[in-house]
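In: Give the three-dimensional model of this entry:
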Amino acid sequence: MSRLLALLLIVLFSAVPAGAAARLVSGVSNDTIQITSSFDGERLTFFGTIAPEAGSGQRYVEGPFDVVIVVLGPTQDRVAREKTHNFGIWLNTEQVEFKRFPSYFHVLSSRRLLEIADINLLNQNFILPEAHAMVPNIAGFMKTLVFGRELIRLMSEQGLFGVQENGVRFHSDTFYSAQLTLPSSAPPGPYIAQTYVFQNGEIIARKSEGFAVRKIAFERFLAQSATQYPLLYGIACVILALFTGWLGGVLFRR
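Out: So this is what the prediction gives:
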């Protein structure tokens, strides 16, 4: 949550380059996604139009433009570990802890990111996945970068990190849309979709939309029980496992 709020403040208060008279009118198809036992993913549609800045007197804005959408999930503390083979046993020998690391991160863009803007500008705004592997850490820059990239690779294999270049389509000079399918493994919590409008390699407009992924019904009850009453939840799981094992033994004997 802390990193989400910090990034939102950056979006709200960062200055727009002088001379850029444009604003972004955007939206998202769902503001709440409900997770049940049959949840297998959800498709979201992001859309918007680029318009003149309010009060500028312009009737339209001139392109061409590029649009980048960054979808950021709730943050968590994560640990990346390195296993090494020692005396015939695989052991965890080194590790790096990442505070407030995104549990979900996906980028949609109208073309290749490095064709849209300079890599430094993309990293400064946490648009590239690798930017989250370069945050200050007591482990040191190089070690943090190496372990962070491996963490991003593992989360990419799980569908939690990704970059979809050419994922944003322009239907006119100023109107765009993009679709993203949240995987069934998407963690519950608050999400932010940050939309950036680029022109000539500079950010000329930006806007954020929020949506939530929530567990409902019995899934919500289980999640709350595990969080609020961990001891009772653990005892109940042990009793259920013992009962299931006993019942299985009785049925198989018959």
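
In: pretty sure Asn30 contacts Leu180?
Out: No - Asn30 lies out of contact with Leu180 (Cβ atoms under 8 Å); the separation is 10.9 Å. In short, each C-beta sits where N, CA and C put it, glycine included.

In: Chain neighbours aside, what residue packs nearest to Glu82?
Out: Excluding its sequence neighbours, the residue lying closest to Glu82 (Cβ to Cβ, 6 or more residues apart in numbering) is Glu94, at 4.5 Å.

In: ok so, going back, tell me which of Asn30 and Leu180 has more neighbours.
Out: Neighbour count, other Cβ atoms under 10 Å: between Asn30 and Leu180, Leu180 has more, with 19 against 14.

In: mind checking how far that one is from Phe46?
Out: Separation of Leu180 from Phe46 (Cβ to Cβ, to the nearest Å): 7 Å.

In: Please identify every residue contacting each of these two.
Out: Shared contacts of Leu180 and Phe46, defined by Cβ atoms under 8 Å, 6 or more residues apart in numbering, are found at Ile69, Leu108.

In: picking that back up, next up, identify which helix or strand the residue nearest to Glu82 is on.
Out: strand 89-102 (DSSP states H and E).

In: Parallel or antiparallel, which strands does that strand pair with?
Out: The sheet places strand 89-102 alongside strand 75-86 (antiparallel), with pairing taken from DSSP bridges.

In: Just the buried positions in the strand it pairs with, please.
Out: Buried residues in strand 75-86, counted by 16 or more other Cβ atoms under 10 Å: Thr75, Gln76, Arg78, Ala80.

In: pLDDT of the strand holding Glu94, averaged?
Out: The average pLDDT for strand 89-102 rounds to 81.

In: Now do the buried residues in it.
Out: By 16+ other Cβ under 10 Å, the buried positions in strand 89-102 come out as Val96, Phe98, Arg100, Phe101, Pro102.

In: which residue packs closest to the second one, ignoring adjacent ones?
Out: It refers to Phe98. In space, Phe98 is closest to Arg78, 4.9 Å off (Cβ to Cβ, 6+ apart).

In: Hmm, that neighbour is touching Arg100, no?
Out: No - using Cβ under 8 Å, Arg78 makes no contact with Arg100, being 9.2 Å away.

In: Identify the residues contacting Leu121.
Out: Leu121 touches Gly201, Glu202, Ile203, counting by Cβ under 8 Å, 6+ apart.

In: To clarify, my last question referred to Phe147.
Out: Phe147 makes contact with Ala80, Glu82, Glu94, Gln95, Val96, Ala133, Ala139 under the criterion Cβ under 8 Å, 6+ apart.

In: and of those, the nearest to Ala51?
Out: Nearest to Ala51, judged by Cβ to Cβ, of the contacts of Phe147 is Ala133 at 35.8 Å.
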